[in-house]
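Undergrad: Structure here, sequence nowhere to be found:
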């Protein structure tokens, strides 16, 4: 079965995504071989659903996006693998957050990943997973210059052998 | 998001992008791709459906660890269990996003 990439997208949005090719300067392949066995590897997750910890982290900045509709908060949050639905808020103006709040595992399956670690399918999960807010200015300057280097440094600190990114 | 995957991959950390729009991830050059035919906001499946979420996560892990070359794409053969019209409405925010409101206002002006 081949997935229909536009099944759930309003028809008017399709040209925003389709047929635009590579991001400028990103035309060449990039590749890092996955060298280890999964059962010996530490895995991290990254969601773009705008998740944050309600008690200890600021929300992504939705007020500024309301005032400047083409801007999206380029920051990121570390979400502990042990965080529960009660801990997690969602700041994302482009999706309905009801299901995400009811069961954050649909975008960041941290507990399921820990279960797989317990079963030996993977070696382990990183202590923290990662959250960004996926709606970004088209030039992606802040993501490239600030957010991506910080995410990479955090993943290295956490000893991540591989990352699953899940756009919201 | 595929661009973010590329930057992280280039820094030496293997990535897989698990996405509702795998053809877009291919265009943007994500190194490894898993396609899911799920509504936005639901990359790993239905809320509280651990079987569906596990199928999805495990395919992501297999693609991450087992893809042999750049651009490898595998799609998950799981159908969304909600009728399309209902699912199409359900994922969208109750209030249109600021950028969509601006687009609609621009269309309204063009039509008036």
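TA: Yep, that arrived. Here the structure is a predicted model, which is why all the values come from computation and not from measurement.
Undergrad: C-alpha only now, for contacts and for neighbours.
TA: Noted.
Undergrad: Now do the longest helix anywhere in chain B: which elements does it pack against?
TA: The longest helix of chain B (DSSP state H) is helix B:50-66. If contacts are counted by 3 or more C-alpha pairs under 8 Å, 6 or more residues apart in numbering or on different chains; DSSP states H and E, helix B:50-66 sits against helix A:110-119, strand A:162-166, strand B:15-19, strand B:32-35, strand B:72-75.
Undergrad: most neighbours per residue, which of these?
TA: Most buried of those, by mean neighbour count (mean count of other C-alpha atoms under 10 Å in any protein chain shown): strand B:15-19, with a mean of 31.
Undergrad: give me every residue that touches residue A:21.
TA: Contact analysis of residue A:21 by C-alpha atoms under 8 Å, 6 or more residues apart in numbering or on different chains lists B:27-28.
Undergrad: how far away is the residue nearest in space to the middle of chain A from chain B?
TA: For chain A, the residue nearest the mean C-alpha position is residue A:47 (2.1 Å; C-alpha atoms, centre = their mean). Between residue A:47 and chain B the computed distance is 9 Å (C-alpha to the nearest C-alpha, to the nearest Å).
Undergrad: confidence score at that residue?
TA: Residue A:47 carries a pLDDT value of 98.
Undergrad: and the helix or strand of chain B with the lowest mean pLDDT, is it in reach of chain A?
TA: Lowest by mean pLDDT, DSSP states H and E among the helices and strands of chain B is helix B:98-111, with a mean of 87. Yes - under the criterion of C-alpha under 8 Å from any C-alpha of the partner chain, helix B:98-111 makes contact with chain A via B:98-99, B:102.
Undergrad: ok now the helix or strand bottoming out on mean pLDDT in chain A, how far from the chain's centre?
TA: Scoring the helices and strands of chain A by mean pLDDT, DSSP H and E places helix A:14-17 at the bottom, with a mean of 91. Relative to its chain's centre, helix A:14-17 lies at 21 Å (C-alpha atoms, centre = their mean, to the nearest Å).
Undergrad: Relative to the whole chain's centre, how far out is stretch A:130-143?
TA: For stretch A:130-143, the distance to the chain centre is 10 Å (C-alpha atoms, centre = their mean).
Undergrad: So that stretch, near chain B or not?
TA: Yes - counting by C-alpha under 8 Å from any C-alpha, chain B has neighbours in stretch A:130-143: A:134, A:143.
Undergrad: Now do that stretch, average pLDDT.
TA: Mean predicted lDDT for stretch A:130-143 stands at 93.
Undergrad: what's the spacing between the strand or helix carrying residue B:89 and its chain's center?
TA: Assigned by DSSP states H and E, residue B:89 belongs to helix B:84-90. Mean-position distance between helix B:84-90 and its chain equals 16 Å (C-alpha atoms, centre = their mean).
Undergrad: Quick check on residue A:77: phi, psi?
TA: Backbone torsions for residue A:77, taken as degrees, to the nearest 10, come to phi -130, psi 140.
Undergrad: Summarise which helices and strands the least confident helix or strand of chain A is packed against.
TA: Helices and strands touching helix A:14-17, by 3+ C-alpha pairs under 8 Å, 6+ apart: there are none.
Undergrad: following it, which helix or strand comes up?
TA: Note on helix A:14-17: by DSSP H and E, the next helix or strand toward the C-terminus is strand A:42-47.
Undergrad: Just checking: what are the partner strands of that following strand?
TA: Strand pairing for strand A:42-47, using DSSP bridges, gives strand A:124-125 (parallel), strand A:128-132 (parallel), strand A:162-166 (parallel).
Undergrad: before we move on, back to that, take the helices and strands packed on helix B:50-66 and lay them out in a markdown table including distance to residue A:28 and mean pLDDT.
TA: As requested, these are exported to a markdown table (distance: least, C-alpha to C-alpha, whole Å; pLDDT from 0 to 100):
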| stretch | distance to residue A:28 | mean pLDDT |
| --- | --- | --- |
| helix A:110-119 | 32 | 98 |
| strand A:162-166 | 20 | 98 |
| strand B:15-19 | 16 | 98 |
| strand B:32-35 | 14 | 98 |
| strand B:72-75 | 15 | 98 |
